[in-house]
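Q: pasted the sequence and its predicted model underneath.
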Amino acid sequence: MMEVNKLGKALIIGAGGVASVVVHKCCQNPDVFEEICIASRTKSKCDALKDKLDGGQTKISTAQVDADNTEELIELINSFKPEIVINVALPYQDLTIMDACLATGVHYLDTANYEPVDTAKFEYKWQWAYKERFEKAGLTAILGCGFDPGVTGIFSAYAQKHYFDEINTMYIVDANAGDHGYPCATNFNPEINMREITANGRYWEKGEWIETPPLSVKQSYELPQIGAKNIYLLYHEELESLAKNIKGIEKIRFWMTFSDSYLTHLKVLENIGMTSIEPIMFEGKEVVPLHFLKAILPDPASLGPRTKGKTNIGCIYQGKKDGKDKTYYVYNVCDHEACYAEVGSQAISYTTGVPAMIGAMLLLKGEWKKPGVYNVEEFNPDPFMEALNKHGLPWVEDFNPTLLDV
Ligand code: NDP
């Protein structure tokens, strides 16, 4: 049996929708997470989480930190002395937090890759450039350990390990059939969400990236437990690492559902310039339209009690085993109301926060300790798959799924 580290101390940075789930899930596993510190820009949000969960076996403290400031982070890490930092703030903070981990000798995990604030372009190159420094320091950095990226990579490693000699085609299908009753709201940070979907679509085919105009490729797909949905081709960050790490891969595409109402609002907002990240002067003040839009849209954390329905996120693979064609679909269905009943958050935060906790747990237990900077598909998927079933994200396998049109 793997040895459980009895002194697991985790510093959780961020106190938003995803952080709240991570905190709840760490507290459900006090044998691994003996002590946590929740640190974010707005300390009152950390305190509110602590108040909700105090009294259990996991000891909780809180702190204020500006995670854009490496020196502040170093000071906080040196005073709390965690073994791991779980970064569930925003992608803009990834590099400052990785710098602080290197300076203090602490392991690192995040759920989204670095993106500069002033350019809507996420890529792994900035974080992969830390590989040698983490290796030399004997520290592990686990990148993209949410659902997508995250579980989609674990599913891929599992498919590769157990079912295929080579995977040639892979489709990720991320469907949210939840209804929060608002005509326009995003399920996670609106700024990050809108930057992602207003960008060009992009997929990998035969060694090159092919771009498509934003949301211009769509089809209908019948999803288990959810029904037929319109799915749209998007670029998503795990495509970059999977194209590199999955043996024999020739084509990877990422598909996501959006409601017609949300897309109509988004089109209007885009046409009038509200999704722009270029600052404008307004009444003598510099304002970024997308930041202003974020301020007036519903807070994703407030959607929990209103959201009904399910998500279905999974991967469909086609490839070869023992010289024969093989197809495999693995997915998780998550119910918004059940998530809310358990941890007070909707399924989008839940499906991200649970894998982040599991990744940190496997690292603390020593099962995923590997000095360097790695994407999740580079670790052994088996203990993670087992943990998904145990900690709230059970998965279903289908060896004869309906295939996508393209
Ligand atoms: P939220 O906006 O709800 O929360 C972000 C938190 O980070 C807030 O508490 C915010 O503080 C804090 N924060 C922002 N900037 C700083 C800073 N400079 N210093 C300290 N704290 C800061 O976002 P979510 O919880 O929805 O998302 C968290 C992360 O999860 C994002 O990186 C997102 O991209 C990722 N994600 C990943 C998914 C996956 O499947 N892999 C899916 C969904 C999200 P304040 O409260 O003051 O604003």
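A: Everything's here; your move. Residues are numbered from 1 along each chain as shown.

Q: okay, now the residue of the chain found nearest the ligand: neighbour count?
A: The nearest approach of the chain to the ligand comes at Gly16, 1.9 Å away (CB to the nearest ligand atom). Just so you know, the C-beta spots here come from the backbone N, C-alpha and C atoms, and that holds for glycine as well. As a burial measure, Gly16 scores 21 neighbours (other CB atoms under 10 Å).

Q: go on, the one 3 residues further on?
A: Using other CB under 10 Å, the number of residues around Ala19 comes to 28.

Q: follow-up on the earlier one: wait, the residue of the chain closest to the ligand sits on Pro300?
A: Yes: using CB atoms under 8 Å, Gly16 makes contact with Pro300 at a distance of 7.4 Å.

Q: spit out the residues that contact those two alike.
A: Asn189 (CB atoms under 8 Å, 6 or more residues apart in numbering).

Q: please list the residues of the stretch 201-350 of the chain that sit near the ligand.
A: Residues of the stretch 201-350 of the chain lying close to the ligand (CB under 6 Å from any ligand atom) are Pro300, Ala301, Ile348.

Q: which phi and psi does the second one have?
A: Recorded main-chain torsions at Ala301 are phi -70, psi -20, according to degrees, to the nearest 10.

Q: quick one: contacts for the closest residue to it other than its chain neighbours?
A: Excluding the flanking residues, the one nearest Ala301 by CB to CB, 6 or more residues apart in numbering is Gly17, at 4.7 Å. If a contact means CB under 8 Å, 6+ apart, then Gly17 has Phe188, Asn189, Pro300, Ala301, Ser345, Gln346, Ile348, Ser349, Gly353 as its contacts.

Q: and the first one, how many residues sit next to it?
A: Put plainly, it is Phe188. Phe188 has 21 neighbouring residues, counting by other CB under 10 Å.

Q: find the helix or strand that it is a member of.
A: Counting by DSSP states H and E, no helix or strand carries Phe188.

Q: I'd like to know how far it sits from Ala301.
A: 10 Å (CB to CB, to the nearest Å).

Q: now for these two: what residues contact both?
A: Listed contacts common to Phe188 and Ala301 are Gly17, Ser349; contacts here mean CB under 8 Å, 6+ apart.

Q: pretty sure Gly273 sits against Leu290.
A: No: Gly273 lies out of contact with Leu290 (CB under 8 Å); the separation is 9.6 Å.

Q: who has more neighbours out of these two?
A: Leu290 (21 against 11).

Q: name the spans of the stretch 101-250 of the chain whose pLDDT lies under the cut-off.
A: 120 (pLDDT under 70).

Q: what ranges do the strands span in it?
A: Taking DSSP state E, counting those that start in this stretch, the strands of the stretch 101-250 of the chain run over residues 107-110, 140-143, 166-176, 201-205, 208-212, 218-223, 227-234.

Q: what are the bridge partners for Asp179, then?
A: Counting by DSSP bridges, Asp179 forms beta bridges with Lys308.

Q: look up how far Ala175 lies from Ala228.
A: Distance from Ala228 to Ala175, by CB to CB: 10 Å.

Q: which positions in stretch 249-265 come out as buried?
A: By 16 or more other CB atoms under 10 Å, the buried positions in stretch 249-265 come out as 249-259, 262-263, 265.

Q: CSV for those residues, including secondary structure?
A: CSV is the format used below for the buried residues of stretch 249-265 (DSSP: H, G, I helix; E, B strand; the rest coil):
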residue, secondary structure
Ile249, coil
Glu250, coil
Lys251, strand
Ile252, strand
Arg253, strand
Phe254, strand
Trp255, strand
Met256, strand
Thr257, strand
Phe258, coil
Ser259, coil
Tyr262, helix
Leu263, helix
His265, helix
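
Q: nearest to Ala48 among the contacts of Gly17?
A: Ala301 (10.3 Å; CB to CB).

Q: my guess is that closest one contacts Gly344, does it?
A: No: using CB under 8 Å, Ala301 is not in contact with Gly344, being 9.0 Å away.

Q: which ones are touching Lys161?
A: With contact taken as CB under 8 Å, 6+ apart, Lys161 is in contact with Pro381, Asp382.

Q: ok, it to Gly17 distance?
A: According to CB to CB, Lys161 stands 32 Å off from Gly17.

Q: over to Tyr171?
A: Tyr171 is 27 Å from Gly17, by CB to CB.

Q: also Gln318?
A: Spatial separation of Gln318 from Gly17 under the definition CB to CB is 34 Å.

Q: cool, and Ile249?
A: For Ile249, the distance to Gly17 (CB to CB) stands at 32 Å.

Q: repeat that for Tyr130.
A: For Tyr130, the distance to Gly17 (CB to CB) stands at 27 Å.

Q: same thing with Trp255?
A: Note on Trp255: its distance to Gly17, by CB to CB, is 23 Å.
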